[in-house]
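*Asks:* Got a predicted structure here, sequence first:
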Protein chains: 2
Amino acid sequence: MWPSLNIQIRKHIAISDKDLEKASAFFAYRKFRKKQFILQEGDICRFETFIVKGCCRTYELDEKGQEHILQFAPEDWWAGNLYSFLTETASTYTIDCLEDCEVLQISKQGLEELYGELPVMERYFRIIIQNAFIALQKRVLTNLSKPAADRYKDFVEKYPQIENRVPDHQIASFLGLTPQSLSRIRSGFRK
Amino acid sequence: MWPSLNIQIRKHIAISDKDLEKASAFFAYRKFRKKQFILQEGDICRFETFIVKGCCRTYELDEKGQEHILQFAPEDWWAGNLYSFLTETASTYTIDCLEDCEVLQISKQGLEELYGELPVMERYFRIIIQNAFIALQKRVLTNLSKPAADRYKDFVEKYPQIENRVPDHQIASFLGLTPQSLSRIRSGFRK
DNA sequence: CGAAAATTTGACATGACTCAACTGGAGTGG
DNA sequence: CCACTCCAGTTGAGTCATGTCAAATTTTCG
């Protein structure tokens, strides 16, 4: 029923067409326009969101009102605030759309029922989170060990599809830099 | 059979004594002395390691031979290199013991068999990784948004049990600072 | 006690930030 | 089709946080 999600699931687990069909029923299709919020700071994150089309970002504001981007989520990525979702507490993160988006959403109750009905889906989410965790560990180490210019180079190599569709100042925020610093890095510090 | 692991598991899932007993059989008890390696860079991570007693650290060396500490693991924490473990490729991380340690280890094959025999253990590991992922996201955001002094303060508040048993220069490494900078932060920048 | 490791301190260098101004393109409305 | 505005990006000058290098001091531990 949702081809892109089905393909993504089958990248990680073996599952029958019938079970996949069953799983599909737990997801709701929804569209968001560019700049709309998928999740607003202060709200409880009621859904985990799979991006079918478009690209969104998760960010947090600091005391000074500065945005710090935690994640970009283009096609086939998951977005959400897992902590808020699991504990049903107010989110400190905001998720908004950088482009018009089509998504699939599953609620907490839906996910729990899905786990009960199809235990293999618990494996799917374990693997997804495992991979996200591994990637995040690398990001932490890169932030600790590499200078800004190298981090930018790594980012461009690793996520060319993001680099090409997201404005530079947002990439700067993701990397923990000011737009000015990134601009100077891009210009290659020629003096 | 392994009380501390049993207690830890029951913090996250409901499981019968009998099943817990079954699960125990998949773990091997092992001791390491202070400074011994649980995992060396270049080796394949063959086990996920639960710390029963003691404290270890996971770190990576950069091109200049500088250590960057990814994680401390005291009692009831898991240590390992998930990527190396899952893909059976050489680890870029090293894990060594900051104190004499007692641990429980499970191999990849063992873990897969455990998932097969007791699917609820897949839930346990999903939850563990989920929590680790959530914590790591917070760390990324803290690194992006807060100055060194605040990060140190947060660390001390969050992990007093680690701060008290680990040398300062290792905490500095975890926070992405030089020992000198941490020392100045600790002295409160009094001039 | 003595050696090694950890921590502190000082002087200086540097990467990244801040503030401010400027440039150039993408809409928008007259 | 042109002014006008808005936003992203660039550039310059000065500042600040943190790093580097070196040395002194304190602590740890065999």
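*Replies:* Right, received. Where do you want to start?
*Asks:* Show me where chain A has its strands.
*Replies:* A:28-32, A:37-39, A:47-53, A:56-61, A:67-73, A:78-79, A:93-97, A:101-107 (DSSP state E).
*Asks:* Point out the one among these that comes closest to B:Lys34.
*Replies:* Of all the strands of chain A, strand A:67-73 sits nearest to B:Lys34, with 36.6 Å by CB to CB. All C-beta atoms are positioned from the backbone trio N, CA, C, and that covers glycine.
*Asks:* So what touches the closest one?
*Replies:* Strand A:67-73 has contacts (CB atoms under 8 Å, 6 or more residues apart in numbering or on different chains) with A:49, A:51, A:55-62, A:79, A:93, A:98, A:159, A:162, A:166, A:170, A:173-174, A:176, B:137, B:140-141, B:144-145.
*Asks:* Kindly report the residues of chain A close to DNA strand D.
*Replies:* A:167-170, A:179-180, A:182-184, A:186-187 (CB under 7 Å from any atom of the strand).
*Asks:* Could you rank the residues you listed by neighbour count and give me the top one?
*Replies:* A:Leu182 (22 neighbours; other CB atoms under 10 Å in any protein chain shown).
*Asks:* Show me which helix runs longest in chain A.
*Replies:* Using DSSP state H, we find that the single longest helix of chain A is helix A:119-145.
*Asks:* hmm, it touching chain B?
*Replies:* Yes - using CB under 8 Å from any CB of the partner chain, helix A:119-145 comes into contact with chain B via A:119, A:122-123, A:125-126, A:129-130, A:132-134, A:136-137, A:139-141, A:143-145.
*Asks:* buried stuff in that helix?
*Replies:* For helix A:119-145, the buried set under the neighbour-count rule, 16 or more other CB atoms under 10 Å in any protein chain shown, comprises A:120-130, A:132-134, A:136-145.
*Asks:* again with stretch A:88-105
*Replies:* A:91, A:93-99, A:101, A:103-105.
*Asks:* Quickly check those for the two that are furthest apart.
*Replies:* A:Ser91 and A:Glu99 (21.7 Å).
*Asks:* one step back: mind listing which of the residues of chain A next to DNA strand D are in helices?
*Replies:* Among the residues of chain A next to DNA strand D, the members found in helices (DSSP H) are A:168-170, A:179-180, A:182-184, A:186.
*Asks:* circling back to that earlier point, out of the residues of chain A next to DNA strand D, which one sits closest to A:Ser24?
*Replies:* Proximity of the residues of chain A next to DNA strand D to A:Ser24 (CB to CB) peaks at A:Gln170, which lies at 32.5 Å.
*Asks:* Find the nearest non-adjacent residue to that closest one, please.
*Replies:* Nearest residue to A:Gln170, sequence neighbours excluded (CB to CB, 6 or more residues apart in numbering or on different chains): A:Ile69, at 6.0 Å.
*Asks:* low-scoring stretches of chain A, by residue?
*Replies:* Where chain A drops to pLDDT under 70, the residues are A:189-191.
*Asks:* Which of the strands of chain A sits closest to DNA strand C?
*Replies:* strand A:67-73 (10.8 Å; CB to the nearest atom of the strand).
*Asks:* and the angle for the closest one with helix A:119-145?
*Replies:* On the basis of axes from the mean of the first three to the mean of the last three CA atoms, to 10 degrees, strand A:67-73 is oriented at 140 degrees to helix A:119-145.
*Asks:* wait, A:Thr142 sits on A:Asp154?
*Replies:* Yes - counting by CB atoms under 8 Å, A:Thr142 does reach A:Asp154; the two are 6.2 Å apart.
*Asks:* Next, count neighbours for the closest residue to DNA strand C within chain A.
*Replies:* Nearest to DNA strand C, among the residues of chain A, is A:Ser181, at 2.7 Å (CB to the nearest atom of the strand). Residues lying near A:Ser181 (other CB under 10 Å) number 15.
*Asks:* so what's A:Leu144 up against?
*Replies:* The neighbours of A:Leu144, taking CB under 8 Å, 6+ apart as the test, are B:68, B:143, B:173, B:176.
*Asks:* Pull up the residues of chain A that are close to DNA strand C.
*Replies:* Taking CB under 7 Å from any atom of the strand as the contact definition, chain A meets DNA strand C at A:147-149, A:176-178, A:180-181, A:185.
*Asks:* Columns distance to A:Lys34 on top of those, output as CSV?
*Replies:* CSV is the format used below for the residues of chain A next to DNA strand C (distance: CB to CB, whole Å):
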residue, distance to A:Lys34
A:Pro147, 33
A:Ala148, 29
A:Ala149, 31
A:Gly176, 25
A:Leu177, 24
A:Thr178, 24
A:Gln180, 26
A:Ser181, 27
A:Ile185, 27
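*Asks:* and which of those residues is nearest to chain B?
*Replies:* Set against chain B, the nearest of those by CB to the nearest CB is A:Gly176 (4.2 Å).
*Asks:* neighbours around that closest one, how many?
*Replies:* Taking other CB under 10 Å as the definition, A:Gly176 ends up with a neighbour count of 17.
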